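Peer 1: here are the coordinates; sequence isn't available:
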DNA sequence: TGCTAAATTGGGCAAACGACCAAGTCGATC
DNA sequence: GATCGACTTGGTCGTTTGCCCAATTTAGCA
């Protein structure tokens, strides 16, 4: 039967508050998330929020950073372990296509970026997470023979977020449309191209 | 000395409220801007805010959309009137370099994007402004002989916003670094290199 | 069987919120 | 000088905010 102990339920409440926070940030906006809103949605009393977290800001920050870390560690299809560069790009763009720009995941990222401009501690955490992702991206690009992998990774990461943000406002910008454009960034330095294969309408999935 | 009439001062107050709104949106975040905050900063009484505007939301929406329209109509260096493609790109990247990602202008854009995901009327206005900018960009790219100008313009516009947003978190991503990467987008697709001109630079009409 | 600490409740606080309004101040027009 | 409408004031409405806390319940340990 495994009846949960108090401590276990406590940990579960904390986890649920973090989960609810991510959804509410995307739904209402970072600064519009309130104590009672969180408690309501999580099915607990408002007092519990300040028992588990020192402040609403702290709760939101922890929720956002851990969600971003989790996602970037696992979700983008492990592009850098793909057997070929074109397969890696395919995975990356496929992942991009799974987001509309209006989904909680995408909105959480942008909300967190903005919140980080007003909170030094949060900025430190997020920029570290982002730097690590850029680093993975740059390593992979370097192995693909792409020129200037660091700058390319930075632009590519930024472009992905930008495309998601713009797509929220004007849908119709599908991954299959932007794939050929974005893959021009991968154009190898003069002389070393060959394993590159971006022709023939990359139609992910 | 032209003494301002009551009606003129009224118009001035309205204009000042719009101006202050833009700054406060960037500074505190869209949903955190309050009636009293606006009145305080504008040097007027709180009651005036709801005399000139039907609601705070309406004030913020009008402030953001008109500021975005003004900026996109005039500021990006009139890239599309440049005498050459490379000069146009230079103007565009120069403009990009004038923003840190933390300046009120950049933050206002991102805040407005997010607010638009929660306000249908605002989304309509903003996506129209954005669509017009993309259209100008696509026309110019088409004249430069860039393949798939529409999709390229969409990706380029998104990438610009993305770079600004990322730069707010990790400075050091300067325009001169990203210029060579971004300008690869202007090159023909990787598979058709050689058929067109050699590099992405200099393609006189 | 008591004891302690963690978890939870529900109420309460001062402050700030958006919106509204009656009263008063103006400048332009008659 | 009187009148009218646009503009401005200062205050109030009910609601919601973040945070706090005394009291209560529970689980694990002595």
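Peer 2: Yes, it's here. Predicted model only: the values in this text are computed from it and were never measured.
Peer 1: tell me which helix or strand whichever residue of chain A sits closest to chain B sits in.
Peer 2: Proximity of chain A to chain B (Cβ to the nearest Cβ) peaks at residue A:162, 2.6 Å away. For every residue, glycine as well, the C-beta is placed using N, CA and C. Assigned by DSSP states H and E, residue A:162 belongs to helix A:149-169.
Peer 1: for the following helix or strand past that helix, name the packing helices and strands.
Peer 2: As assigned by DSSP H and E, the chain's next helix or strand after helix A:149-169 is helix A:175-182. Contacts defined by 3 or more Cβ pairs under 8 Å, 6 or more residues apart in numbering or on different chains; DSSP states H and E place helix A:175-182 against helix A:85-97, helix A:149-169, helix B:149-169.
Peer 1: for the closest residue to residue A:61 other than its chain neighbours, what are its contacts?
Peer 2: In this structure, residue A:61 finds its nearest non-sequential neighbour in residue A:122, 4.8 Å apart by Cβ to Cβ, 6 or more residues apart in numbering or on different chains. Residue A:122 is in contact with A:61, A:64-65, A:112, A:115-116, counting by Cβ atoms under 8 Å, 6 or more residues apart in numbering or on different chains.
Peer 1: quick one, what contacts residue A:46?
Peer 2: Counted by Cβ under 8 Å, 6+ apart, residue A:46 has contacts A:35-36, A:39.
Peer 1: report pLDDT for the nearest residue to it once chain neighbours are set aside.
Peer 2: Among residues not flanking residue A:46 along the chain, residue A:39 sits closest, at 4.3 Å (Cβ to Cβ, 6+ apart). Per-residue confidence (pLDDT) for residue A:39: 96.
Peer 1: residue A:39 contacts residue A:52, correct?
Peer 2: No. With contacts counted by Cβ atoms under 8 Å, residue A:39 stays clear of residue A:52, the gap being 10.7 Å.
Peer 1: coming back round to it: rebuild the contacts of residue A:122 as JSON lines, extending it with neighbour count.
Peer 2: Formatted as JSON lines, the contacts of residue A:122 follow (neighbours: other Cβ atoms under 10 Å in any protein chain shown):
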{"residue": "A:61", "neighbour count": "22"}
{"residue": "A:64", "neighbour count": "26"}
{"residue": "A:65", "neighbour count": "19"}
{"residue": "A:112", "neighbour count": "27"}
{"residue": "A:115", "neighbour count": "21"}
{"residue": "A:116", "neighbour count": "23"}
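Peer 1: show me what contacts residue A:27?
Peer 2: By Cβ under 8 Å, 6+ apart, the neighbours of residue A:27 are A:104, A:107.
Peer 1: does it lie in a helix or a strand, and which?
Peer 2: Secondary structure assigned from DSSP H and E places residue A:27 in helix A:6-28.
Peer 1: so for that helix, what gets flagged as buried?
Peer 2: Residues of helix A:6-28 classed as buried under the neighbour-count rule (16 or more other Cβ atoms under 10 Å in any protein chain shown) are A:13-14, A:16-18, A:20-27.
Peer 1: near DNA strand C, which of those residues show up?
Peer 2: Contacts with DNA strand C within the buried residues of helix A:6-28, as defined by Cβ under 7 Å from any atom of the strand: residue A:13.
Peer 1: pLDDT added to the buried residues of helix A:6-28, as a markdown table?
Peer 2: Listed next are those as a markdown table, based on pLDDT from 0 to 100:
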| residue | pLDDT |
| --- | --- |
| A:13 | 90 |
| A:14 | 94 |
| A:16 | 95 |
| A:17 | 96 |
| A:18 | 97 |
| A:20 | 97 |
| A:21 | 97 |
| A:22 | 98 |
| A:23 | 97 |
| A:24 | 97 |
| A:25 | 98 |
| A:26 | 97 |
| A:27 | 96 |
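Peer 1: residues contacting stretch A:63-71, please?
Peer 2: A:17-19, A:21-22, A:25, A:105, A:108-109, A:111-112, A:115, A:122, A:125-126, A:129.
Peer 1: check which helix or strand covers the residue nearest to residue A:61.
Peer 2: helix A:120-143.
Peer 1: mean pLDDT for the helices and strands packed on helix A:175-182: which is lowest?
Peer 2: When I compare the helices and strands packed on helix A:175-182, helix A:85-97 is least confident, with a mean of 82.
Peer 1: I am finished for the moment; much appreciated.
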